[in-house]
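Novice: compute the structure for the input listed below.
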Amino acid sequence: MSVIASIDCGYLATVQAMADERWIDPIKNVDLIASAESAKAVLANQQVNLGELLVKDKKKVVSVEWLTACDLAVEACSDDCSIDGEDATPECKEYEIACMGEVPFKVYDRVYRERTVDAQASIAHNMAIAMKLLDEAVAQYVLTALVANAGTNLYTGGVGTVAAAVTTIGAADWNDNIWGYFAMVNRINKFKNPYGITGENLFQLIYNRLAENANADGKGNVNKMGLLQNRMYLDPENVETIAPHNTFLIHKTAAALISKAWYPLGAANAAQLTADRMAYSINSYNLPGVVYDVFTERGCLNNDYFTAFKVQAHGVFALNPTPCTPTQTGILAFECV
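Specialist: Numbers count the residues shown, from 1 in each chain. This is a model prediction of the structure:
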């Protein structure tokens with residue numbers, strides 16, 4: 001059994017290396033692969049720069065300001081000596097980094113006197129699992145935000161019934177012809193280079209059609225997918241949990257997930273907070289661009305020393321500035337009924 005006298009950067013770096021080893025092992029990482037396609041979708045398609053939010057040791061509120069010119073109109077020609085009209089209107093939205101969730105765990109010393117594995121191995125395993133759980137929590141955070149910020153579909157024809165922020169589509173219409181409907185939706189709503197997130201609605205249809213693409217008579221149905229052929233992210237685990245029977249279409253730059261950590265990156269660079277406490281940050285294994293803070297302390301309770309950890313996620317979901325109609329958010333939700 002390894003005895004922990006105190007926590008230091010060397011000890012934490014060893015634990016981190018053991019966690020990294022688990023991630024790259026094709027057997028050990030089975031339980032570490034997160035179901036987080038929704039978060040991956042937004043991260044891969046966002047184009048946002050809110051640099052002030054990411055200043056390492058500062059908590060800032062950033063105001064995003066943009067202009068709308070919603071009152072301009074074409075009028076009949078008038079006297080050349082008289083010019084009148086309306087100015088553009090400034091719009092503003094504030095963003096602030098918030099805590100999205102945390103996973104704590106505690107490893108006691110005494111129990112490892114009777115185990116073949118040591119405490120470091122247990123800490124490394126718990127750390128990797130904690131990060132995986134946070135990855136999935138971030139994906140559900142993203143989906144919750146997509147539901148909350150879904151706009152109104154401007155295309156009221158076709159198989160969809162538009163009602164506020166949700167367009168309902170009958171179960172029988174989720175077939176190969178749905179792609180033509182989505183193409184019209186994207187056109188009318190002026191979505192450029194759109195992508196989608198779906199659960200069970202389209203999972204089997206996409207799976208089958210992509211498999212049939214190698215057949216001469218299967219290419220047509222795949223071609224119907226158009227721009228969405230390689231841009232529909234499948235996340236049934238989280239979609240069916242947060243928004244059952246929903247599919248989302250998203251303008252490429254409409255949404256963003258901003259992740260932030262407060263402490264130095266890497267266990268070897270951990271900051272000493274108190275005599276028994278340290279903190280550092282670590283990159284997510286599953287979500288490129290997402291980083292988590294790790295807090296650790298050494299303590300004693302009921303005659304048993306322990307090492308405690310807490311892995312914490314901070315970030316914010318941000319929307320691109322909206323046009324004159326606030327309900328045109330660049331996010332559309334479709335529900336199978």
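
Novice: and the next element down the chain from the worst-scoring helix or strand of the chain on mean pLDDT?
Specialist: The weakest-scoring helix or strand in the chain, judged by mean pLDDT, DSSP states H and E, is strand 61-68 (a mean of 62). Going down the chain from strand 61-68, the next helix or strand is strand 89-96, by DSSP states H and E.

Novice: show me where the stretch 51-200 of the chain has its strands.
Specialist: Remark: strands assigned in the stretch 51-200 of the chain by DSSP state E, counting those that start in this stretch are 61-68, 89-96, 98-108, 160-163, 166-169, 195-198.

Novice: tell me which of these is the most buried.
Specialist: Among the strands of the stretch 51-200 of the chain, ranked by average contacts under mean count of other C-beta atoms under 10 Å, first place goes to strand 195-198 (a mean of 25). Every residue, glycine included, has its C-beta placed from N, CA and C.

Novice: which residues are contacting that one?
Specialist: Contacts to strand 195-198, defined as C-beta atoms under 8 Å, 6 or more residues apart in numbering, come from residues 37-38, 41, 45, 143, 146, 182, 202, 206, 228, 231-236, 239, 246-250, 252.

Novice: what about C300, how many residues nearby?
Specialist: By other C-beta atoms under 10 Å, the residues close to C300 number 11.

Novice: excluding its backbone neighbours, what's nearest it?
Specialist: Counting by C-beta to C-beta, 6 or more residues apart in numbering, the nearest residue to C300 once its immediate chain neighbours are dropped is F306, at 7.0 Å.

Novice: who's that neighbour bridged to?
Specialist: Counting by DSSP bridges, F306 forms beta bridges with Y108, G299.

Novice: OK, contacts around it?
Specialist: 106-109, 298-300.

Novice: can you tell me which two in those residues are farthest apart?
Specialist: Across the contacts of F306, no pair lies farther apart than V107 and C300, at 13.0 Å, counting by C-beta to C-beta.

Novice: and the average pLDDT for stretch 314-328 is what?
Specialist: The predicted model assigns stretch 314-328 a mean pLDDT of 83.

Novice: tell me the SS of V311?
Specialist: Assigned by DSSP: H, G, I helix; E, B strand; the rest coil, the conformation of V311 is strand.

Novice: ok, now which ones touch it?
Specialist: 102-104, 127, 130-131, 134, 282, 292-294.

Novice: likewise for V107?
Specialist: Contacts of V107 (C-beta under 8 Å, 6+ apart): 119, 122-123, 126, 306-309.

Novice: in what helix or strand does L249 lie?
Specialist: Using DSSP H and E, L249 sits within strand 246-250.

Novice: show me what that strand is in contact with.
Specialist: Strand 246-250 is contacted from outside by 41-42, 45, 146-147, 150, 166, 182, 185-186, 191, 194-199, 201-202, 239, 330-336, using C-beta under 8 Å, 6+ apart.
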